[in-house]
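Engineer: When you get a sec, could you give me coordinates for this:
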Amino acid sequence: MKKLTTTIRLEPLREIVAGRKKIEYREIKPYWTKRLQNAGRPFMLRLINGMRPKAPEATLIIRQVRRNRRTGYYELHIGNVRAVRNWSRVDAQ
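Structural biologist: Numbering: from 1, shown residues only. The predicted model follows:
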């Protein structure tokens, strides 16, 4: 299974880890179009909050990608959260 890695702000990452956010959005641009075409379905998506060595991160299974031309975003439908690393109580609040 392919794995893509990208960054994310802390608040959306909290919502995903808590299970309240089921869709992650990425702009329809050549960069994401190429990455998503090569990923296949399903694939793993590693989201990292920042670039420091101990940055909070989560690895998700993306089961479906929908291209919404009306909004201009790809909709990445989250299947489940596979792993969470460097997560503390402060991050969870």
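
Engineer: got the phi/psi numbers for the residue lying closest to residue 28 once chain neighbours are set aside?
Structural biologist: In this structure, residue 28 finds its nearest non-sequential neighbour in residue 72, 5.4 Å apart by CB to CB, 6 or more residues apart in numbering. All C-beta atoms are positioned from the backbone trio N, CA, C, and that covers glycine. Here is the backbone geometry of residue 72 (degrees, to the nearest 10): phi 80, psi 20.

Engineer: cool, and residue 69?
Structural biologist: phi -70, psi -30.

Engineer: So the residue nearest to residue 28 sits against residue 27, correct?
Structural biologist: Yes. Counting by CB atoms under 8 Å, residue 72 does reach residue 27; the two are 6.4 Å apart.

Engineer: Could I get the average pLDDT for stretch 77-88?
Structural biologist: Taken as a whole, stretch 77-88 has a mean pLDDT of 93.

Engineer: I misspoke; the intended subject was stretch 47-62.
Structural biologist: Regarding stretch 47-62, the rounded mean pLDDT is 94.

Engineer: Stretch 20-35 now?
Structural biologist: Mean predicted lDDT for stretch 20-35 stands at 96.

Engineer: got the buried residues for it?
Structural biologist: Of all the residues in stretch 20-35, those buried under the rule 16 or more other CB atoms under 10 Å are 24, 26, 28, 32, 35.

Engineer: end to end, how far does stretch 5-21 reach?
Structural biologist: 18 Å (CA to CA, to the nearest Å).

Engineer: Sort out which residues of that stretch are buried, please.
Structural biologist: So for stretch 5-21, counting by 16+ other CB under 10 Å, buried means 8, 13, 14, 16, 17.
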